[in-house]
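Peer 1: Dropping a prediction and its sequence here:
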Amino acid sequence: MKTFFDLSFRYKIPLWGSLLIVTTALAVSASLMLLDYDDLKQDLLISSSNLGRTLAKTLFSPLQQDDVWRVSEIVNAPLKRASGDNALQPEAILVVDKTMQVVVSTSPRAIPMLVGLRQLSSEYAALAAKIEEIHGDDSLIIDLPDSSRLYVVTPIADEGSFLGTLIIEYSRDMLLPRFYSAAWRGGLMGLLVLAVLLPINWYWGSRMSRPLVLLANRMGAIDSRGAAALQPEMYAYQDELGQLFDAYRRMIVEQERKEALERQMVQSERLAAVGRLAAGMAHEINNPLGGMLTAIDTLKSFGETDPRTAKTIALIERGLTQIGDTVGGLLVEARMKSRYLEPQDIEDVRSLVVPLARKKTLRVDWSASLAQPLPLQASLVRQILINLLLNAIHAADSRGRVACSVEFDAGILRMTVENDGKLLTEEQMTHLFEPFSPLSEDGHGLGLWMTYQIVQQLGGAISVDLHDGHMRFSVTLPSGTNT
Amino acid sequence: MLLFRNIFAGLGLLLLATSAWSAPNLRPVRVGLPHVIMDRQYILVEEWRLYLQAKLHRPVEFVIRRKDSDTMDQLRLENLDFAWISDYPYLRLKRQQPYIRLVAVPLYQGKPYFRSYLIVPAADDQTTSISQLKGMVFAYVDPYSTGGYVHPRHELWMAGEDPRRHFSKTFFTWSNRTVIEAVAQGLADGGAVDGFVWDSLAKTRPDLTGQTRVFANSTEYGVAPFIANRAVSGGDFRAMRRALLGMAKDPEASQLLTRLNLDGFVPGKAKLYEYLAKMLRDMDEE
């Protein structure tokens, strides 16, 4: 039984429905059959009493005249009807006189006239005893125990003159053929009903279970490969199932948001750790480096050096300067003071990059809506914007497009730069803002790193996403003023 | 189809007859027929009526009575002009009303005589004489039937038995055919019938006669006569006799005779009924 309850709703609902339909059909058929059997019995009682009364009335006169042949003709008439059409046909009819002696029977060979009813058999003796107890002149049905027959007994009497008794015998079995035919009809109707209802039920059941099964499959897949979305048209109704679909949809959205947040946090933490490491190392390197460069300076200004030594010193100096440059690149210091950002700064950046873009015959869509100076350091914002635009121009396809938009709204400066070049892979996106980015083919791979550090130090945020199928960098910077 | 042909033939006769009637409002001739002989042969009776109508040039009405005693009453009341009546009632009527005239007697197997058959159910292959049926149930035709009542009682009387006490029970079925049915069913252990009827039925309903066995037949006695009542004029009497005697020569009517299992009609004589009279005398039942 457990296995049945473990079945999918796809089978369970139709099976339960079928069980219910079959049970109902059986119950209805059975009760109809019982009713029919009762009707048959009632029919028998009515028709046999009617027959008894009619025959008894007709028999009075011939019996009075001892016209045995007329009596025989009268009792034989009901048996001569065509057999088969009337299941309620009597099996035999007897007429006995006052002393329980047979006057006429419809089977004279078995029950000849003049024989006493009591001498025929124990059953007839019991019947005779019952008949003698009867008072009144109406038909009576005598149901003897252990008898295969029913007896309908009618006194043959007129105005108090009693001549004898009419006995009509019915076989109990005769109801069976009619009952069977009724049962057969009932069964056939039942089958017909089943033939109509079962396919409907099966269709309804699978329709009912389909969304449930779908939901269950999707929920089962959440752990393994992330949740797949459910299209609203899969189940468009607002019943409990529809609410379940809605809830599932909301849950998926929540889940994705949470995962994105987690990814972002991990990334920022890593970048922060890398930043601290880089700054620490830069400081540690910068101190001795400054000393070494000062020493070389001193060495160059004092003392005669032979050309070989001078060449070596120059070599060391270039190397140390390169180290200093690199370390300086790593160590982004946003704390230097400069003037506030003005709308002209954005226009300056535009006039700087447009000639570069023209070399690649790129289209530049520019949209800047800055109307007033903002309390942001102009040189840092310019550096961010230039970095992003240079990258975009570099990445854009030849004859492609670069778009830039700068806007200020609700105290936040939002800059976006977009290009139609090759898309970044998931892996590349993850390590995008790290120093010595492998994306950089000809630079040192510190452009985006520096941009990121500057944005961080200004308390803003930088992100990359896909916008209309293009890579889009977005930077938001809080300006500290809301005007 | 035979039925329709017969009806058309009958209609043809009727048309002939109608043209022959000069006076349309002639009083119909009323003829009593015995139920015992004509039992259930309604089409045959109608065709015979049409034949007589055509021959007599007058309307003919047949009156079939269940019991011979009814026919006797009707003759006495002069409600009937002619009657085909059993021999026993004829004897009694003749004695009471000497004006009753014998018109014709039928010929059965070429002779104006019948026999009585004593029958038992086919299952009874022991009985060879009526004496063996002592204490049994016996079926008679009618108290006025020679073959179906007088003869079996005479047999018993001759054997020294009392016909009233020999059987445990006797009853009348009021026709020969039903005696055969009663014996076939087993309602009666034995019965007596006119042999003429049993032989006729043996041709048309062998299934019924097959359930019975004839164990004895009687001495010949006079066949049931066709008689005329007092009021019948000499002309009508002769016309009826001519019509009956002419049946055997008439192609249509001889068909009817064949179906009645008769050969024709002859003018009868009173001495045909002497044997019946003797039987009645023997039993003191005259």
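Peer 2: Cool, got the structure.

Peer 1: contacts, neighbours, all on C-alpha from now
Peer 2: Will do.

Peer 1: quick one, helices of the stretch 1-150 of chain A?
Peer 2: Secondary structure of the stretch 1-150 of chain A (DSSP state H, counting those that start in this stretch): helices at A:2-5, A:9-64, A:68-76, A:117-120, A:122-133.

Peer 1: Extract the C-alpha set from stretch A:198-217 and format it as PDB.
Peer 2: Extracted C-alpha coordinates of stretch A:198-217, given in PDB (Å, rounded to 0.1, in the frame of the first residue of the first chain):
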ATOM      1  CA  LEU A 198     -13.100   7.000 -17.100                       C
ATOM      2  CA  PRO A 199     -11.300   8.700 -20.000                       C
ATOM      3  CA  ILE A 200     -12.700  12.100 -18.800                       C
ATOM      4  CA  ASN A 201     -11.400  11.400 -15.400                       C
ATOM      5  CA  TRP A 202      -8.000  10.300 -16.700                       C
ATOM      6  CA  TYR A 203      -7.700  13.500 -18.800                       C
ATOM      7  CA  TRP A 204      -8.800  15.600 -15.800                       C
ATOM      8  CA  GLY A 205      -6.500  13.900 -13.500                       C
ATOM      9  CA  SER A 206      -3.400  14.300 -15.700                       C
ATOM     10  CA  ARG A 207      -4.300  17.900 -16.400                       C
ATOM     11  CA  MET A 208      -4.700  18.500 -12.700                       C
ATOM     12  CA  SER A 209      -1.400  16.800 -11.800                       C
ATOM     13  CA  ARG A 210       0.700  18.300 -14.600                       C
ATOM     14  CA  PRO A 211       1.500  21.700 -12.900                       C
ATOM     15  CA  LEU A 212       2.100  19.900  -9.600                       C
ATOM     16  CA  VAL A 213       4.600  17.500 -11.200                       C
ATOM     17  CA  LEU A 214       6.200  20.400 -13.000                       C
ATOM     18  CA  LEU A 215       6.600  22.400  -9.800                       C
ATOM     19  CA  ALA A 216       7.900  19.300  -7.900                       C
ATOM     20  CA  ASN A 217      10.500  18.700 -10.700                       C
END
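
Peer 1: Name the residues of chain B found near chain A, please.
Peer 2: With Cα under 8 Å from any Cα of the partner chain as the criterion, chain B comes near chain A at residues B:Phe171, B:Phe172, B:Thr173, B:Ala182, B:Gln185, B:Gly186, B:Leu187.

Peer 1: Tell me the one among these nearest to A:Leu261.
Peer 2: B:Gln185 (109.5 Å; Cα to Cα).

Peer 1: Please tell me I have it right and the closest one contacts A:Ile111.
Peer 2: No. B:Gln185 is not in contact with A:Ile111 according to Cα atoms under 8 Å; the separation is 11.7 Å.

Peer 1: pLDDT weak spots in chain B?
Peer 2: Along chain B, segments meeting pLDDT under 70 span B:1-25, B:35-40, B:286.

Peer 1: now the helices for it?
Peer 2: B:2-20, B:35-38, B:42-56, B:68-76, B:87-96, B:151-158, B:163-166, B:176-185, B:195-204, B:206-209, B:234-245, B:251-260, B:274-282 (DSSP state H).

Peer 1: who's in contact with the fifth one?
Peer 2: Surrounding helix B:87-96, the residues in contact under the criterion Cα atoms under 8 Å, 6 or more residues apart in numbering or on different chains are B:68-69, B:72, B:100, B:144-146, B:222-225, B:273, B:276-277, B:286.

Peer 1: switch the cut-off to 10 Å
Peer 2: By Cα atoms under 10 Å, 6 or more residues apart in numbering or on different chains, the surrounding residues in contact with helix B:87-96 are B:68-69, B:71-73, B:75-76, B:83-84, B:97-102, B:143-147, B:149-150, B:221-227, B:270, B:272-274, B:276-277, B:280, B:286.

Peer 1: Now render the helices of chain B as JSON lines, adding mean neighbour count.
Peer 2: Formatted as JSON lines, the helices of chain B follow (neighbours: other Cα atoms under 10 Å in any protein chain shown):
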{"stretch": "helix B:2-20", "mean neighbour count": "14"}
{"stretch": "helix B:35-38", "mean neighbour count": "21"}
{"stretch": "helix B:42-56", "mean neighbour count": "20"}
{"stretch": "helix B:68-76", "mean neighbour count": "19"}
{"stretch": "helix B:87-96", "mean neighbour count": "18"}
{"stretch": "helix B:151-158", "mean neighbour count": "20"}
{"stretch": "helix B:163-166", "mean neighbour count": "16"}
{"stretch": "helix B:176-185", "mean neighbour count": "24"}
{"stretch": "helix B:195-204", "mean neighbour count": "17"}
{"stretch": "helix B:206-209", "mean neighbour count": "17"}
{"stretch": "helix B:234-245", "mean neighbour count": "17"}
{"stretch": "helix B:251-260", "mean neighbour count": "16"}
{"stretch": "helix B:274-282", "mean neighbour count": "16"}
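
Peer 1: So which of the ones you listed is nearest B:Leu133?
Peer 2: So among the helices of chain B, helix B:163-166 is nearest, using Cα to Cα, at 8.0 Å.

Peer 1: What lies in contact with the closest one?
Peer 2: Residues external to helix B:163-166 that are found in contact with it (Cα under 10 Å, 6+ apart): B:130-138, B:152-157, B:170, B:283.

Peer 1: Cool, thanks, signing off.
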